[in-house]
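K.L.:
what's the 3D shape of this:
(2 chains)
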Amino acid sequence: MESRDQLDQVTPPRGYGQVPHRSTTCRDLRSAAEVASLDMAPTADAPSAAVISLSPLEPFKPDLYERAWASTPHPRLPLLATAHAKSVTVFSLTNFSAHSTLTGGHTRSVRSVAWRPATPPNSLSLVTASFDSTAGLWRWEGSANEHEVKSTTRDSHNHHGDDTSDEDASDWEFTLVLEGHDSEIKSVAFSPSGQFLATCSRDKSIWIWEDVGATEADDEWETVTVLKEHDGDVKAVAWCPDTNRKEPKGQYSSDCLASASYDNTVRIWREDRDGDWVCVAVLEGHDGTVWGLQWEPKPEQGRYPRLMTFSADATIRVWTMQDDELDQQGQRTPRHAPGSQFMSGFGGIPNTMRASIKEEWHCSAVLPKVHTQQIYAVSWSEMTGLVASTSSDGIIAVYREENVQAPEGEAEAAIELDGDVAPPDNHSPTPIAKTWKVVGLVNNAHGPYEVNHVIWCKRFDAGVAKKGEEEMLVSTGDDGVVRPWQISSPSSSQTSSS
Amino acid sequence: MADIQNANPTILNASQLPTRHLKQVAVRFGPEAKYSRLVFNRNGPWSENMSGDSSEDSDTDELACEPIDEQEIYDLISPISDPEHPVSLGQLSVVNLPDIHIEPPPSSGMSDPNKLVQVIVDVTPTINHCSLATVIGLGVRVRLEQALPPNYRVHVRMKDGTHAQDDQVSKQLADKERVCAALENETLKATLNKMLETCA
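P.N.:
Residues are numbered from 1 along each chain as shown, chains lettered A, B, ... in the order given. Purely as a prediction, here's the structure:
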């Protein structure tokens, strides 16, 4: 029925299955990008605005040969931590090979990893979230050449998460175990300052831990609160980035946590003046498990960051805080207006009895439908504003938010000038209607396997001129492959070839 | 099992179970066979180097192009033992041939080995409140995930109206994270291994 030709047309850039798995020569990156962009020629099935092509680069080495869940880049250094089975492999982003492994800390799978922000230059620290119902704090106290990559020769075939290779775990030290959850921990996240750590679990609770150590090197964490309002597994937690967060005013401090759950809802949590953490909003709209969430990394000036959530219902939603919506006259809706009247009447009642002040969040956009199966990951780029998603269906899609009402000529000029960079911060307060468009797509990103995770990641490898100033995508799959993807738009490849 | 929940289930004779008159043995690839799949894959990396050689293609066709049909799915899961009774899920009519669906249908022929195929199995628990429904569903999902090629996505659901908490059980079985964590539970794993022992 289907000829090869038709298949090629609906499968824009050639996926994993068509690329030599272990070629020994380095591919010419630019020509690979051009080939891929030719394949992206618009067809009936391809998104009309497909202006970004994704070309697979050589995967990170070694292949993990078992399901890998998620990969997290270090906030500053060229390192990437991938959770698989009971261990974590740290890869170098300089040469795409293993830097170190963390083994022996957990008796069941490690589901996710978070790098601790703001660590001193010569040390690394991360937290692992495990199905064994504990979270582990790890430290690497390296020498000056700590980031040199060691060649690893361990036989990955024999490595099925057994705690056999302790001596080969080099300088990673398991320094603290955080116990308290009743069942699998799914996700872990540090607040922007590193003061708080949030963990969440199938036991339906979220625990917030506070760093009470006297110095950075003193690992002492205390449970601040246990939040138990979800009716199902809490799948993910994420702290609002500190860009454009509200100054601590009125009722709450500036830290803000969001959680996604098996109960199909998302909840927003804040700390009030008495140090109590309260749920200030419940976001309802998804029709299936909410697998996770992403805060807007670089909101427009004066706007509170938006929240993007993705679900087993195969949709991606964007939520906006009502407070930040400008009305027709360009005036701000006063924040907590109904609540402040409410409060005065309850002033004398103890906290636990007091109704908390709610925030109004509404779903302001649903991204164009690409996926046909559960969406497992979304990543929102701070550098470009682009969003990438992946799913059980093996597709990686890239979306861009574009202005819809601007005159055509202007919109085109903006795209030419900026390439794949999002429109610059909008200094005028006039609201502009925006819409999300699919601008890039890869089918079968990991061949026939499910893709568990995708994330934007700065490039430090030899393929880029300015290290740390360009981005790639990194996808993590059930096949145990962690694959970088080069992102290019036709306009930028023309510039570099002229 | 101290407390049997359904003491008198209806058991079918082996001769009553659906079979194919002419049994075919199809080659199957589990996830472990990933590299052999890459090597033999008709659309794989190496095939591009030997372009236009049609005789080689017909060789590999036999390996890759036998579509898996509903009967074959049934044959994979019907021998699974019930966790309570020493009989198979097929004999108990927990799994039934008409409740197995494949999308796109196998009659449309085999296409790209990367193309996703959805396998939907509706399970009928023996009694309405069977708390073992989740374990049975898990057994079916695990069996199929181990036996089918990686482009098959397995969906195990409780047949509408047969179980008091249909949606909850189906949702759990669709949750990859929960399934993975369940398989790390030693007690549950032992039960599952016992159920799957009777599979060829």
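K.L.:
Now do the contacts for B:Gly139.
P.N.:
Counting by CB atoms under 8 Å, 6 or more residues apart in numbering or on different chains, B:Gly139 makes contact with B:Ile80, B:Pro83, B:Leu89, B:Leu192, B:Met195, B:Leu196. Any C-beta I mention is one placed from the backbone N, CA and C, and that applies to glycine too.
K.L.:
from memory the third one sits against B:Tyr74, does it?
P.N.:
No. Using CB atoms under 8 Å, B:Leu89 is not in contact with B:Tyr74; the gap is 10.0 Å.
K.L.:
Between those two, which contacts overlap?
P.N.:
Common neighbours of B:Leu89 and B:Tyr74, using CB under 8 Å, 6+ apart, are B:Val95.
K.L.:
Now for B:Ala174, how many residues are close by?
P.N.:
Neighbour count for B:Ala174, taken as other CB atoms under 10 Å in any protein chain shown: 20.
K.L.:
Identify the bridge partners of the residue lying closest to it once chain neighbours are set aside.
P.N.:
Among residues not flanking B:Ala174 along the chain, B:His155 sits closest, at 6.5 Å (CB to CB, 6 or more residues apart in numbering or on different chains). For B:His155, the beta-bridge partners are B:Ile120 (DSSP bridges).
K.L.:
For burial, what's the neighbour tally of B:His155?
P.N.:
So B:His155, with other CB under 10 Å, has 17 neighbours.
K.L.:
Does it touch B:Asp122 like I think?
P.N.:
No. Counting by CB under 8 Å, B:His155 sits too far from B:Asp122 to count as a contact (9.3 Å).
K.L.:
residue in chain B nearest to chain A?
P.N.:
For chain B and chain A, the shortest gap (CB to the nearest CB) falls at B:Asn151, measuring 3.3 Å.
K.L.:
Flag every residue of the stretch 101-250 of chain A that's near chain B.
P.N.:
Contacts of the stretch 101-250 of chain A with chain B, taken as CB under 8 Å from any CB of the partner chain, map to A:Arg108, A:Ser109, A:Arg111, A:Phe131, A:Ser183, A:Glu184, A:Lys186, A:Arg202, A:Asp233, A:Lys235.
K.L.:
Is it correct that the fifth one falls within a helix?
P.N.:
No. Judged by DSSP: H, G, I helix; E, B strand; the rest coil, A:Ser183 forms no part of a helix; its state is coil.
K.L.:
tell me the strands in chain B, going along the chain?
P.N.:
Secondary structure of chain B (DSSP state E): strands at B:100-103, B:117-123, B:152-158.
K.L.:
I'd like these as TSV, with distance to A:Lys86 and mean pLDDT appended.
P.N.:
Listed next are the strands of chain B as TSV, based on distance: least, CB to CB, whole Å; pLDDT from 0 to 100:
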stretch	distance to A:Lys86	mean pLDDT
strand B:100-103	35	96
strand B:117-123	30	96
strand B:152-158	25	95
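K.L.:
a markdown table please, covering the ones you listed and showing distance to A:Pro73.
P.N.:
Output for the strands of chain B, formatted as a markdown table (distance: least, CB to CB, whole Å):
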| stretch | distance to A:Pro73 |
| --- | --- |
| strand B:100-103 | 37 |
| strand B:117-123 | 34 |
| strand B:152-158 | 29 |
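K.L.:
circling back to that earlier point, export the residues of the stretch 101-250 of chain A next to chain B to CSV and append columns for pLDDT, neighbour count and secondary structure.
P.N.:
CSV is the format used below for those (pLDDT from 0 to 100; neighbours: other CB atoms under 10 Å in any protein chain shown; DSSP: H, G, I helix; E, B strand; the rest coil):
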residue, pLDDT, neighbour count, secondary structure
A:Arg108, 97, 19, coil
A:Ser109, 98, 24, coil
A:Arg111, 98, 23, strand
A:Phe131, 98, 24, coil
A:Ser183, 97, 15, coil
A:Glu184, 98, 25, coil
A:Lys186, 98, 28, strand
A:Arg202, 98, 22, coil
A:Asp233, 97, 24, coil
A:Lys235, 98, 26, strand
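K.L.:
where does the closest residue to A:Asp287 other than its chain neighbours land in three-state SS?
P.N.:
Nearest-residue entry for A:Asp287: A:Asp313, 4.3 Å, with adjacent residues in sequence omitted and distances by CB to CB, 6+ apart. Of the three states, A:Asp313 takes coil under three-state DSSP.
K.L.:
count of residues packed around A:Asp313?
P.N.:
Neighbours of A:Asp313 under the rule other CB under 10 Å: 18.
K.L.:
and the closest residue to B:Val154 other than its chain neighbours, how far is that from B:Thr191?
P.N.:
With CB to CB, 6+ apart as the criterion, B:Val154 has its nearest non-adjacent residue at 4.5 Å, and that residue is B:Leu144. According to CB to CB, to the nearest Å, B:Leu144 stands 18 Å off from B:Thr191.
K.L.:
before we move on, what about B:Asp166?
P.N.:
22 Å.
K.L.:
Contacts only, for the residue nearest to the residue of chain B closest to chain A when sequence neighbours are not counted.
P.N.:
Closest residue to B:Asn151 apart from its sequence neighbours, by CB to CB, 6+ apart: A:Pro448 at 3.3 Å. By CB under 8 Å, 6+ apart, the contact list for A:Pro448 reads A:Gly17, A:Gly394, B:Pro113, B:Asn114, B:Leu116, B:Pro149, B:Pro150, B:Asn151.
K.L.:
still on that earlier bit, export the contacts of B:Gly139 to a markdown table and tack on neighbour count and distance to A:Thr320?
P.N.:
Listed next are the contacts of B:Gly139 as a markdown table, based on neighbours: other CB atoms under 10 Å in any protein chain shown; distance: CB to CB, whole Å:
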| residue | neighbour count | distance to A:Thr320 |
| --- | --- | --- |
| B:Ile80 | 23 | 49 |
| B:Pro83 | 17 | 49 |
| B:Leu89 | 26 | 49 |
| B:Leu192 | 20 | 45 |
| B:Met195 | 23 | 49 |
| B:Leu196 | 16 | 49 |
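K.L.:
So which of the residues you listed sit within helices?
P.N.:
B:Leu192, B:Met195, B:Leu196 (DSSP state H).
K.L.:
isn't the second one right up against B:Glu84?
P.N.:
Spelled out, it's B:Met195. No. With contacts counted by CB under 8 Å, B:Met195 stays clear of B:Glu84, the gap being 10.3 Å.
K.L.:
ok, A:Asp211 - contacts?
P.N.:
A:Asp211 touches A:Gly194, A:Gln195, A:Phe196, A:Leu197, A:Glu220, A:Trp221, counting by CB under 8 Å, 6+ apart.
K.L.:
so where's the stretch 51-200 of chain A uncertain?
P.N.:
Low-confidence segments of the stretch 51-200 of chain A, defined by pLDDT under 70: A:142-170.
K.L.:
Distance of the nearest residue to A:Glu360 once chain neighbours are set aside relative to A:Ala433?
P.N.:
What sits nearest to A:Glu360 in space, not counting adjacent residues and going by CB to CB, 6+ apart, is A:Gln322, at 3.2 Å. According to CB to CB, A:Gln322 and A:Ala433 sit 18 Å apart.
K.L.:
wait, B:Ile102 sits on B:Ile68?
P.N.:
Yes. Assessed by CB under 8 Å, B:Ile102 is found in contact with B:Ile68 at 7.3 Å.
K.L.:
ok, and the closest non-adjacent residue to B:Pro9?
P.N.:
B:Thr126 (4.9 Å).
K.L.:
Sorry, slip of the keys, the one I care about is A:Cys200.
P.N.:
Excluding its sequence neighbours, the residue lying closest to A:Cys200 (CB to CB, 6+ apart) is A:Val234, at 3.6 Å.
K.L.:
and the one you found, what is it in contact with?
P.N.:
Contacts of A:Val234 (CB under 8 Å, 6+ apart): A:Lys186, A:Ser187, A:Cys200, A:Ser201, A:Arg202, A:Lys204, A:Ser205, A:Ile206, A:Ser259, A:Ala260, A:Ser261, A:Tyr262.
K.L.:
No further queries at this time; thank you.
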